[in-house]
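In: only geometry, no sequence info:
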């Protein structure tokens, strides 16, 4: 089973999820993401493109810039609880410039700050983290290898077409 990407849904519904993120956006994201995860609790295998740790990274960066102050404390606790449902996280680090798509942040400095906050949050949580680097094909092959080690035998990892 896989989850749809909450971040894109939030943005398409008009909530800012960038340098202008608001507490209302954070609450909406948490509610939607946890609602999706709750519906999958009985799934034998779950693959999620994003989790609340991505949101936490955004909030941490915003707090360091003097915005969203105080929001990360509660979100860290939620992320730690959410993390108990995941066997691990796969990070695809920034290795080439962003393609402007109206959703992803294209400011390279901001992207690097988000990536750093994400990795730091995961390391602090003690979660199993795999960093997958390389060109697109190398990333796909390595990710499939990782998933095959985690996927029950009757489930086959598929790559969603976007």
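Out: Perfect, thanks for sending it. As the structure is a computational prediction, the values presented were derived from the model and not from experiment.
In: Next, name the residue at the spatial heart of this protein.
Out: A centroid search over the chain (Cα atoms, centre = their mean) returns residue 50, at 3.0 Å, as the residue closest to the centre.
In: Mind jotting down where the helices sit in the chain?
Out: Ranges of helices in the chain, per DSSP state H, are 6-12, 23-39, 52-64, 71-82, 108-125, 136-150.
In: Show me the shaky parts of this protein.
Out: Across the chain, the ranges flagged by pLDDT under 70 are 1, 150-162.
In: So for stretch 26-38, what gets flagged as buried?
Out: Of all the residues in stretch 26-38, those buried under the rule 16 or more other Cβ atoms under 10 Å are 26, 28-30, 32-33, 36-37. The C-beta positions use only the backbone N, C-alpha and C, and glycine is treated the same way.
In: tell me the most buried of the helices of the chain?
Out: Greatest average neighbour count among those goes to helix 52-64 (a mean of 23), per mean count of other Cβ atoms under 10 Å.
In: List the contacts of stretch 21-39.
Out: With contact meaning Cβ atoms under 8 Å, 6 or more residues apart in numbering, stretch 21-39 is reached by 3-4, 6-7, 9-10, 13, 15-17, 46, 48, 50-52, 55, 58-59, 62, 67-68, 71, 75, 78, 82, 85.
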